[in-house]
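>>> Need coordinates for the following:
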Amino acid sequence: MQQRTIAETAVSAVGLGGMPMSIEGRPDEARSVATIHAALDAGVTLIDTADSYHRDAGEVGHNEELIARALRSWGGDASAVLVATKGGHLRPGDGSWTKDGRPEHLKKAAKESARRLGVDAIGLYQFHRPDPAVPYAESVGALVELLDEGVIRQAGISNASVAQIDEANEVLGGRLASVQNQFSPAFRSSLPELEHCAALGVAFLPWSPLGGIARAGDLGSAHAAFGRVAERHGVSPHQVALAWELALAPVVVPIPGASRPASITDSVRAAELTLTADELAELSA
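Here you go, the predicted model:
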């Protein structure tokens, strides 16, 4: 399956984060598949996942396999969809997280992810999180090998600083395609990385763009400006937050997580919401 590139996706678009469908509190498979289908029917062309998006030990790649099944059963053109996955961040199954940025692990993990996704080459593969025990250039070097071997089509990084973005891009010979960092109305400390990506022309994918599973429901009350603007437009505060993020730079592609069809279809409408300069200033204040 030939997938589109992140550059083709990063045009006033909202993606789908698959994590809530596979971790604690996850819905049954039928609802998860319905959510993915609803996203695709609404025009979503980027689905983000990771081999660590699972709940229990022994089910590594749960979300990757779920997405692959949903794509196979969807009636549309799956070649128009970019599936991005990540490696190097692990869940032993006890609720904790560990890191493994060794090149040998990343190369093996990428090949296993490709197998689970049912693709000859992964559309976008991202180093999930820096491993303090491994030099960053060595971890990113594994992405170079995966690109050159044709295991992945594009390479990205996640949870990276400005310095790491530059280091990764240098190691990759200017082929860095994306940076996936946390960014939301509640978490704005990645703004320098967002702006740096905009200057480089590298896609910036905010994860937890609505504040995370536990906070998303309170977005309008916790951040009053977003509630006010939402009421003015007659839309949800979630649409306003995503529209604000999209307006920050043309390289931004928020990836809100969803586990219900209604949630992702509401989020997708953010791409059609135009905020005034005064509203953007109010939200950014």
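>>> Give the buried residues for stretch 188-198.
Residues of stretch 188-198 classed as buried by neighbour count (16 or more other Cβ atoms under 10 Å): 190, 193-194, 196-198. All C-beta spots, glycine's among them, are computed from the backbone N, C-alpha and C.
>>> Ok, stretch 113-132 next?
113-114, 116-117, 119, 121-131.
>>> Filter the buried residues of stretch 188-198 down to the ones in strands?
If you go by DSSP state E, the buried residues of stretch 188-198 have nothing in strands.
>>> Dump these to TSV, plus distance to Ala225 and pLDDT.
Shown next, in TSV, are the buried residues of stretch 188-198 (distance: Cβ to Cβ, whole Å; pLDDT from 0 to 100):
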residue	distance to Ala225	pLDDT
Ser190	19	98
Glu193	23	98
Leu194	19	98
His196	25	98
Cys197	24	97
Ala198	23	96
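>>> Nearest to Ala222, out of those residues: which one, please.
For the buried residues of stretch 188-198, the minimum distance to Ala222 (Cβ to Cβ) is 18.5 Å, reached by Ser190.
>>> wait, isn't that closest one in contact with Pro206?
Yes - using Cβ atoms under 8 Å, Ser190 is in contact with Pro206, at 7.5 Å.
>>> which ones are touching Leu242?
Going by Cβ atoms under 8 Å, 6 or more residues apart in numbering, Leu242 touches 14, 209-210, 254, 256, 267, 270-271.
>>> try 6 Å this time
Neighbouring residues of Leu242 by Cβ atoms under 6 Å, 6 or more residues apart in numbering: 14, 254, 267, 270.
>>> Helix or strand: which one has it?
In this structure, Leu242 sits in helix 237-248 according to DSSP states H and E.
>>> Tell me how far that helix lies from the chain's centre.
Distance of helix 237-248 from the chain centroid (Cα atoms, centre = their mean, to the nearest Å) equals 16 Å.
>>> again, but for stretch 115-133
With Cα atoms, centre = their mean, you get 12 Å for stretch 115-133.
>>> And for stretch 8-26?
On Cα atoms, centre = their mean, the centre of stretch 8-26 falls 6 Å from that of its chain.
>>> What are the contacting residues of it?
Residues from elsewhere that reach stretch 8-26, judged by Cβ under 6 Å, 6+ apart: 32, 39, 44-49, 53-55, 62-63, 67, 82, 203, 213, 242, 246, 251, 253-257, 259, 264, 267-268, 270-271.
>>> Can you list which of those residues are found in strands?
46-48, 82, 203.
>>> Go through those and name the one nearest His233.
Leu46 (24.6 Å).
>>> Report pLDDT for the closest residue to that closest one other than its chain neighbours.
Take Leu46 and drop its neighbours on the chain: the residue closest to it by Cβ to Cβ, 6 or more residues apart in numbering is Gly15, 3.4 Å away. Looking at Gly15, its pLDDT reads 94.
>>> likewise the one 10 residues further on?
Among the per-residue scores, Gly25 shows a pLDDT of 89.
>>> For it, which three-state class applies?
Reduced to three states with DSSP: H, G, I helix; E, B strand; the rest coil, the structure at Gly25 is coil.
>>> any low-confidence regions in this protein?
Low-confidence segments of the chain (pLDDT under 70): 1-4, 9-12.
>>> Could you rerun that using 50?
Low-confidence segments of the chain (pLDDT under 50): 1.
>>> in the helix holding Leu242, what's buried?
Neighbour-count burial for helix 237-248, counted by 16+ other Cβ under 10 Å, picks out 237-248.
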